[in-house]
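Visitor: got a predicted structure here, sequence first:
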Amino acid sequence: MQYYQFSMLRLQQGGKLLYLLIFKNNEENQSLNLLQRFSDAFLKDINLGVLLISLDFTLADVSDRACQMLAMERENILNKSLDDIFASVPSQHQLVQRSILTGAIVRNHAVSWTNNRERFELLLDSNVLKDSHGKIVGAYVIFKDVTNLRSLEQMVQRSDRLAMIGQIAAGTAHEIRNPLTSIKGFLQMLHRTFGERGMGKEQNFTDVMLGEIDRINALVNEFLLLSKPKHVSYESTHITDVLRGMVPIIHTEAILYNVQLQYESLKHVPEVIADSELLKQVFLNVCKNGIEAMPDGGVLTISERVDTIERNVCVDIHDTGSGIPMFVIDKIFDPFFTTKDTGTGLGLSVCQRIIHDMGGTIRVASKGFGTTFTISIPYT
């Protein structure tokens, strides 16, 4: 079926009035209109980050998902130069390079991107756009968020390591604790005897040894936690109630480090299926890490939010410390990795396993002016 568009012109020639009827094939216009509608719907509805770039390296259009991941408002970046949009990002870490307009093609390029709140693992594709004569008229960049997939792979690897550690711990923890108990008992007797005889130097030596034994005991206890999970009681839980019960404990710890505590709660937060005691353990551990990251004082902010897209209740714990270096941030959930002189390196590993068992995730983002841990748990 043929579609035509017509228009009529009225002409005055001499004393005669003429009418000119012009017919035009409308199929091409209809195809372009359909393509334009698809393009508009694609940019609004697709769960991909899409950037359309003009030949003068300005942003011609952007998808809603890209705005979310970049943490930028559409009206603030549209028709702006990409150099200005990413001016605060080092050139080697920018998502878009000028070389894209010369025909450089990128396929499945892995990129880490951190906005002010979240860190994303992205797979990036890019190519040029050409007209009917083969001339470059622009370019596009498409990036997909694969953070959950990468996190799942890493969690599986860490779970395997934790399971192996747990098996070893189950067989050796008791064998370690029995001789430690005997050694500690005799050292306490020596400590008392040295005190009675005024042998202060020797008494100090026993203090050091008793402290090291307590440290070994703490490590063995964490081994046992890995090898023998606690009784878990999953039930409908209000995260707000859990946090409100913990705030006085965290506040007391914050005072010791001259840290200000800010708690931002929501009025209506959906219930989650979780173990409230295990949630307390996770929140306390992460908050304690944040407080200790600010030895000269600072601000620890605990805020609640609801992610209606992913259907998660999220708790953001942000400190104003010096941040976590990029070469360290991917290792902090690994068993036995720690930057503390007295840490065991198992705290965050255990926290991640607890949240993962609840069907949630725990992420970290750091840009050099603080660190944000985001704990997300699905709501019913």
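Guide: Arrived safely, thanks for sending. Numbers count the residues shown, from 1 in each chain.

Visitor: does residue 253 touch residue 285 like I think?
Guide: No. With contacts counted by Cβ atoms under 8 Å, residue 253 stays clear of residue 285, the gap being 11.5 Å. Every residue, glycine included, has its C-beta placed from N, CA and C.

Visitor: give the other helices and strands that the strand ranked longest in the chain contacts.
Guide: Across the chain, the strand with the greatest residue count (assigned by DSSP state E) is strand 119-130. The helices and strands touching strand 119-130, judged by 3 or more Cβ pairs under 8 Å, 6 or more residues apart in numbering; DSSP states H and E, are strand 106-114, strand 136-145, helix 147-196, strand 361-366.

Visitor: mind listing what it pairs with, with the direction of each?
Guide: strand 106-114 (antiparallel), strand 136-145 (antiparallel) (DSSP bridges).

Visitor: out of the ones you listed, which one sits most buried?
Guide: With neighbours defined as mean count of other Cβ atoms under 10 Å, these peak in mean count at strand 136-145, which reaches a mean of 19.

Visitor: kindly export that strand (C-alpha atoms) in PDB.
Guide: Listed next in PDB are the C-alpha coordinates belonging to strand 136-145 (Å, rounded to 0.1, in the frame of the first residue of the first chain):
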ATOM      1  CA  ILE A 136      31.400  10.400  10.100                       C
ATOM      2  CA  VAL A 137      28.700  12.500  11.600                       C
ATOM      3  CA  GLY A 138      29.000  11.500  15.300                       C
ATOM      4  CA  ALA A 139      29.500   8.500  17.600                       C
ATOM      5  CA  TYR A 140      27.800   6.600  20.300                       C
ATOM      6  CA  VAL A 141      28.900   5.000  23.600                       C
ATOM      7  CA  ILE A 142      26.900   2.200  25.200                       C
ATOM      8  CA  PHE A 143      27.800   0.900  28.700                       C
ATOM      9  CA  LYS A 144      26.100  -1.900  30.700                       C
ATOM     10  CA  ASP A 145      26.300  -2.200  34.500                       C
END
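
Visitor: residues in contact with it?
Guide: Residues outside strand 136-145 that contact it (Cβ atoms under 8 Å, 6 or more residues apart in numbering) are 47-55, 60, 65-66, 69, 95-96, 100-101, 103, 111, 120-131.

Visitor: repeat for stretch 237-248
Guide: By Cβ under 8 Å, 6+ apart, stretch 237-248 touches 261, 263, 265-266, 269, 271-276, 279-280, 283-284, 287, 302, 304, 313, 315, 377.

Visitor: centre of the chain to the one helix or strand residue 313 maps to, how far?
Guide: Here residue 313, judged by DSSP states H and E, is contained in strand 312-319. Computed by Cα atoms, centre = their mean, to the nearest Å, the chain-centroid distance of strand 312-319 equals 10 Å.

Visitor: so what touches it?
Guide: By Cβ under 8 Å, 6+ apart, strand 312-319 touches 117, 239, 243, 269-270, 272, 283, 286-287, 290-291, 293-294, 298-307, 360, 370-379.

Visitor: quick check: residue 123 vs residue 49, distance?
Guide: Applying Cβ to Cβ, to the nearest Å, the value for residue 123 to residue 49 is 10 Å.

Visitor: quick one: which of those two has more around it?
Guide: Ranked by neighbour count (other Cβ atoms under 10 Å), residue 123 and residue 49 place residue 49 first, with 24 against 17.

Visitor: against residue 281, how distant is that one?
Guide: 36 Å.

Visitor: break the chain into its domains for me.
Guide: Annotated domains of the chain cover 1-38, 46-145, 147-228, 231-380 [automatic domain parsing].

Visitor: state whether residue 289 is indeed within a strand.
Guide: No. Read with DSSP: H, G, I helix; E, B strand; the rest coil, residue 289 is helix and lies in no strand.
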